[in-house]
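**Student:** Okay, sequence plus prediction incoming.
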Amino acid sequence: MRRAFSRRYLAAWALAAVACGVLLLVFASPWASKSPDGVEKVAQDSGLKTSDNAAAPAGGYKVSGVKSEATSRRLSALIGVAVTLVAAIGVGLLMTTMGKRRKGTGGDQGPRAGSGIEGGSADEA
Amino acid sequence: MHIPDGLLDFKTWGTLYGVSGGTTAYALYKVRNTLDEKKIPLLGITAAFIFAAQLLNFPVAAGVSGHFLGAMLACVLLGPWAGFLVMVVVLAIQCLIFADGGFAALGANIFNMALIAGPVCYFMFAASKSLMNKRLSERTSLLTSLAFFSWLSVVLAGAACAVELSISNVVKLSSGAIFGPIVGVNAIIGIGEAVITTIVVAVVLQARPDLIYSYSGHDVKLPLSEEAV
């Protein structure tokens, strides 16, 4: 019992740590180093002109119409994190529903659900 | 490490679009049959964490910066192919919405940062882990192998990037001037990568070992029956 409790406690703590970490990164994003990375350094040394996707709505992590650069950067970080979260969950949902449809309705996941820690989560009929 | 447009020639970025597209199709096929529904929230959180962490460039050497990559983290947590897909999602969003990395170079960026740093390094990591596991505990084997191969993942991704730039021959620099900044910088970033990845996985291993794909838990003292009954 104590072990089960401490595990759940740790899980909640870890999740909170991840959430705090993400928020901290979003908050800190304006102070990220502006120096070029390895590839950009090579591009600069070569003197070639490079371009990025010109059609991107928030190119260079700047939201148009926001004056403060720090705010713009934090805002785009926040938007990016949200969009990434939704997109990855979307891909996951799409994959599992496609897998299920292929297997038909009879596919139960009994043997795979090995963790048992969540306790019988609702498997909708 | 995101390659912008204008540095690769058509044969290079075209080929890599093909390779990355094919690998993405294969990963979708693999994941479609094996992804556990309970892993979906973790899929989202991992992708969001990697996106946020990649925003934070830190200075590496004089006038050069670098950032966390996260491919090995995603693969160890979710498995090589779901981890690959997480990286594809992150890279596609960076390119399409934030213009981080060129559109023509997206295939090359996926190849370097999702495939080479992801499944390619993951399978080497898995081999190393199972070799070490013959003498050491699974936990120790996993974390030690992870520290080394997450470092290597960043170095190899950089090396692949440098090779592509050299092959393209658009950048008229000696190979030393191409490999030096990219691979050299990445060898240093890799240390940060190894520290962050190992700490995150060690914490998850402590809290929810069942969430780690590449951890079977054979050497856990607690018998499963105690929880199942």
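**Tutor:** Everything's here; your move.

**Student:** Compute the number of surrounding residues for A:L85.
**Tutor:** A:L85 is flanked by 22 other residues according to other Cβ atoms under 10 Å in any protein chain shown. Using the backbone N, CA and C atoms, a C-beta is placed for each residue, glycine as well.

**Student:** Apologies, that question was intended for B:Y26.
**Tutor:** 13.

**Student:** ok now the helix or strand containing it, how far from the chain's centre?
**Tutor:** Per DSSP states H and E, B:Y26 falls inside helix B:10-34. Relative to the centre of its chain, helix B:10-34 is centred 15 Å away, using Cα atoms, centre = their mean, to the nearest Å.

**Student:** Quick check: buried residues in that helix?
**Tutor:** Neighbour counts using 16 or more other Cβ atoms under 10 Å in any protein chain shown place B:12-13, B:15-17, B:20, B:23-24, B:27-28, B:30-32 of helix B:10-34 among the buried residues.

**Student:** so the nearest residue to A:A54 once chain neighbours are set aside, which of the three states?
**Tutor:** In this structure, A:A54 finds its nearest non-sequential neighbour in B:A99, 7.4 Å apart by Cβ to Cβ, 6 or more residues apart in numbering or on different chains. When classified by DSSP: H, G, I helix; E, B strand; the rest coil, B:A99 comes out as coil.

**Student:** quick one: B:A99 and A:G60 touch, right?
**Tutor:** Yes - if you go by Cβ atoms under 8 Å, B:A99 and A:G60 touch, sitting 6.0 Å apart.

**Student:** Give me the phi and psi angles of the residue nearest to A:A54.
**Tutor:** phi 50, psi 40 (degrees, to the nearest 10).

**Student:** And for it, the neighbour number?
**Tutor:** For B:A99, using other Cβ under 10 Å, the count is 24.

**Student:** hang on, isn't B:A74 packed against B:V89?
**Tutor:** No - with contact defined as Cβ under 8 Å, B:A74 does not count as touching B:V89 (9.9 Å).

**Student:** okay, those two: which has more neighbours?
**Tutor:** Counted by other Cβ under 10 Å, B:A74 and B:V89 do not tie: B:A74 has more neighbours, with 32 against 29.

**Student:** my read: B:I196 touches B:L56, true?
**Tutor:** No - with contacts counted by Cβ under 8 Å, B:I196 stays clear of B:L56, the gap being 10.6 Å.

**Student:** Give me the common contacts of B:A74 and B:V89.
**Tutor:** B:A47 (Cβ atoms under 8 Å, 6 or more residues apart in numbering or on different chains).

**Student:** And the next helix or strand past the helix holding B:Y26?
**Tutor:** Helix B:10-34 is succeeded, C-terminally, by helix B:40-55 (DSSP H and E).

**Student:** What is the subsequent helix or strand relative to that following helix?
**Tutor:** strand B:58-61.

**Student:** List the buried residues for that following strand?
**Tutor:** In strand B:58-61, the ones that count as buried by 16+ other Cβ under 10 Å are B:V60.

**Student:** Determine the set of other helices and strands touching that strand.
**Tutor:** Counting contacts by 3 or more Cβ pairs under 8 Å, 6 or more residues apart in numbering or on different chains; DSSP states H and E, strand B:58-61 packs against strand B:64-66, helix B:175-207.

**Student:** contacting residues around it?
**Tutor:** So strand B:58-61 is contacted by A:32-33, A:35, B:65-67, B:184-185, B:188-189, B:192 (Cβ under 8 Å, 6+ apart).

**Student:** Output these in a markdown table, with distance to B:F149 and neighbour count appended to each entry.
**Tutor:** Output for these, formatted as a markdown table (distance: Cβ to Cβ, whole Å; neighbours: other Cβ atoms under 10 Å in any protein chain shown):
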| residue | distance to B:F149 | neighbour count |
| --- | --- | --- |
| A:A32 | 26 | 19 |
| A:S33 | 26 | 16 |
| A:S35 | 27 | 17 |
| B:S65 | 23 | 21 |
| B:G66 | 18 | 26 |
| B:H67 | 19 | 20 |
| B:G184 | 19 | 16 |
| B:V185 | 19 | 23 |
| B:I188 | 17 | 17 |
| B:I189 | 15 | 27 |
| B:G192 | 15 | 18 |
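
**Student:** Take those residues and lay them out in TSV including distance to B:S166.
**Tutor:** Shown next, in TSV, are these (distance: Cβ to Cβ, whole Å):
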residue	distance to B:S166
A:A32	29
A:S33	26
A:S35	23
B:S65	22
B:G66	20
B:H67	23
B:G184	15
B:V185	16
B:I188	21
B:I189	20
B:G192	26
